[in-house]
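Engineer: next comes the sequence, and after it the predicted model I'd like to discuss.
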Amino acid sequence: MNLARRTLIGIPYLWLVLLFLVPFGIIFKISLSDIALAIPPYTPTLDLSEGLSGIREFIAGLDWENYIFLTEDDLYWRAYLSSLRIALISTVLALLVGFPIAYGMANASPEWRPTLMMLVILPFWTSFLIRVYAWIGILSNEGFLNQFLLWTGLISDPLQIMNTSTAVYIGIVYTYLPFMILPIYATLERLDGSLLEAAEDLGCSRASAFWLVTIPLSKSGVIAGCFLVFIPALGEFVIPSLLGGSSTLMIGKVLWEEFFSNRDWPVASAVAIILLLILVIPIILFQKNQEKQAEAET
Amino acid sequence: MRRFTWFNATSLTLGFAFLYIPMIILVIYSFNSSRLVTVWAGFSTRWYGELLRDEAFLDAAWVTLRVAFISSTIATILGTMAAYVLVRGGKFMGRTLFSGMIYAPLVMPEVITGLSLLLLFISIGLDRGVFTIILAHTTFSMCYVSVVVSSRLVSFDRSVEEAALDLGCTPFDAFRSVTLPIIAPAVVSGWLLAFTLSLDDLVIASFTAGPSATTLPIKIFSSVRLGVSPEINALSTILIALVTIGVVTASLVSKQRITRAKRDEQMAEQAAA
């Protein structure tokens, strides 16, 4: 192996090890230590300068206290469960909203498709924070939605949507919609129209051709889209803290508050480690789906 | 057999209305003269004036641009190297770990990435500020760059590179004069993606910024928490306008390139015939 190749591999490798892998080791280490009134606010710290005896001392002082604390305080349980529920419901909603859009795009005339594609991508490039912010003015009690509904006479009192989980669902569906639309569109666009013709020639109705041909063939795009919404939604912080108010529990927000408000770094680290463990399953499933798709293409 | 039915038309109309109405409302109400954001009181550009006089916002914008520019440039270099290693590097020790580290940050919740980097900076005693935000942003955006660039590297014909090597190019010359021009569009879009991600990031910046540096998203977030304000609407409008100009230009350029490529192909075919 020559020097140039070594440098080429070495630089990005070293960067990621130092700034991605090592930090995880540190999170794990701190999740095992105790909170203390000090700077940094935890103890014991692993002191490598003392060599083996430092490591031994660290291991002797080990306990899983913070993890046990997480199981005992039902705040954390409820936060994990409610994050899972919110992420799951939002994913289903995003699929219900996104699929028809992707389907409409795939069936639009070819001259229109690049423009439609651009219209889907444009919000994705626009600041995430601003897109969430836009909904505050719409959903609040004196917001545009309530003004509109009161004006039409459908309701007589303003609806309380802001600071509920409904607002969080809307926020997640809105901000992650492009991630749902694009993979589904990619599979639908490649779909061979003659298969649908064949199904109809063989006596399928349009609806059953859709169920028996289009849906199964777009499965990998649907799965990819669902994971692309579900995975980031699970650890979401901005949406629940701006739209969900204090009544919506999500683990990303709990972690943030544990760290910034309570300054309990060990517990915040333990919360992060458990969240990672929960995420490993969907990430592996997503990876499998992508590999299968790549194989099917070659 | 493409069908453009009423169903498709309705779903597209409703879908795009859902995507765009919130942003349109935001833009319209940035020209509202009242401080109450949800009550229209007449047209005014007052909030743009106040925004441009707001030192704190301008400082934050300047920090954000600097961070985004530097971090996306470093991320593009590192990400392109990483992509090249992944696609062309062959086998080397720890390759699985390497590709894992490239893909993991893409799905990592921001709160975890932010927390882990903060804990790193504190344990090595690095003062938090602009420099640490740049390090953090470079780390996660180089992964996006490398995914974008490697998809381009995978799809192009390797024999062109090999031809250059056979004709006596050094590997570096071959990369510079053959590979780089071919992957250039992907490198540019990788840079743009990294730049936007950095401009956009609130969570990781909040963890790694420390008290001395404030980026625009951090500033927006702290003022939005206090409620809706017309200045934020004005700022959002400016940002939306910039992104729209950028995306529309990019898609026009790529459309032009495709048309030109098609024309060249046709001409080449005619010449051959």
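Structural biologist: The structure has been received and is ready for your questions. Numbers count the residues shown, from 1 in each chain, chains lettered A, B, ... in the order given.
Engineer: how many neighbouring residues does the closest residue to B:Thr132 other than its chain neighbours have?
Structural biologist: Of all residues not flanking B:Thr132 in the chain, B:Thr208 sits nearest, at 4.7 Å (Cβ to Cβ, 6 or more residues apart in numbering or on different chains). From N, CA and C alone the C-beta is placed, and that goes for glycine too. Using other Cβ atoms under 10 Å in any protein chain shown, the number of residues around B:Thr208 comes to 27.
Engineer: again, but for the one 4 residues further on
Structural biologist: Burial of B:Ser212 is recorded as 10 neighbouring residues (other Cβ under 10 Å).
Engineer: so the closest residue to A:Ser247 other than its chain neighbours: helix, strand or coil?
Structural biologist: What sits nearest to A:Ser247 in space, not counting adjacent residues and going by Cβ to Cβ, 6+ apart, is A:Asn163, at 6.1 Å. Three-state call for A:Asn163 (DSSP: H, G, I helix; E, B strand; the rest coil): coil.
Engineer: so where is chain B shaky, pLDDT-wise?
Structural biologist: Where chain B drops to pLDDT under 70, the residues are B:1-4, B:273.
Engineer: can you tell me the centre-most residue of it?
Structural biologist: Closest residue to the average C-alpha location of chain B: B:Leu193 at 2.2 Å, with Cα atoms, centre = their mean.
Engineer: which residues does the residue nearest to B:Thr132 contact?
Structural biologist: B:Gly114, B:Leu117, B:Leu118, B:Phe121, B:Arg128, B:Thr132, B:Ile133, B:Leu135, B:Ala136 (Cβ atoms under 8 Å, 6 or more residues apart in numbering or on different chains).
Engineer: closest to A:Leu149 among those residues?
Structural biologist: Using Cβ to Cβ, B:Gly114 comes nearest to A:Leu149 of the contacts of B:Thr208, at 38.4 Å.
Engineer: pull the distance from the helix or strand where the closest one lies to the chain's centre.
Structural biologist: For B:Gly114, the host element (DSSP states H and E) is helix B:110-123. On the basis of Cα atoms, centre = their mean, to the nearest Å, helix B:110-123 sits 22 Å off its chain's mean C-alpha point.
Engineer: show me what it is packed against.
Structural biologist: In terms of contacts (3 or more Cβ pairs under 8 Å, 6 or more residues apart in numbering or on different chains; DSSP states H and E), helix B:110-123 is packed against helix A:22-31, helix A:251-260, helix A:265-297, helix B:130-155, helix B:203-209.
Engineer: how long is stretch A:187-203 end to end?
Structural biologist: 25 Å (Cα to Cα, to the nearest Å).
Engineer: so B:Pro211 belongs to a helix, correct?
Structural biologist: No. B:Pro211 is assigned coil when assessed by three-state DSSP, not a helix.
Engineer: would you tell me which helix is longest in chain B?
Structural biologist: If you go by DSSP state H, chain B has its longest helix at helix B:230-272.
Engineer: in chain B, which residue sits closest to chain A?
Structural biologist: B:Pro109 (2.5 Å; Cβ to the nearest Cβ).
Engineer: relative to A:Ile283, how far out is that residue?
Structural biologist: 11 Å (Cβ to Cβ, to the nearest Å).
Engineer: of those two, which one has the most company?
Structural biologist: Taking neighbours as other Cβ under 10 Å, B:Pro109 and A:Ile283 compare with B:Pro109 leading, 23 against 17.
Engineer: hmm, back to that, quick one: contacts for the residue lying closest to the residue of chain B closest to chain A once chain neighbours are set aside?
Structural biologist: In this structure, B:Pro109 finds its nearest non-sequential neighbour in A:Gly235, 2.5 Å apart by Cβ to Cβ, 6+ apart. Shown in contact with A:Gly235 (Cβ under 8 Å, 6+ apart): A:Ser83, A:Ile251, A:Gly252, A:Leu275, A:Leu279, B:Pro109, B:Glu110, B:Val111, B:Ile112.
Engineer: nearest to B:Gly79, of these?
Structural biologist: Of all those, B:Gly79 sits closest to B:Glu110, with 18.5 Å by Cβ to Cβ.
Engineer: does chain B sit close to stretch A:168-188?
Structural biologist: Yes. Contact between stretch A:168-188 and chain B, assessed by Cβ under 8 Å from any Cβ of the partner chain, occurs at A:Tyr174, A:Leu177.
Engineer: ok now that stretch, how far from the chain's centre?
Structural biologist: 11 Å.
Engineer: elements contacting the longest helix of chain B?
Structural biologist: With contacts taken as 3+ Cβ pairs under 8 Å, 6+ apart, helix B:230-272 sits against helix A:113-125, helix A:128-139, helix B:6-29, helix B:46-53, helix B:180-200, helix B:216-225.
Engineer: in a markdown table, list those along with distance to B:Trp62.
Structural biologist: Shown next, in a markdown table, are the helices and strands packed on helix B:230-272 (distance: least, Cβ to Cβ, whole Å):
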| stretch | distance to B:Trp62 |
| --- | --- |
| helix A:113-125 | 21 |
| helix A:128-139 | 18 |
| helix B:6-29 | 24 |
| helix B:46-53 | 13 |
| helix B:180-200 | 12 |
| helix B:216-225 | 9 |
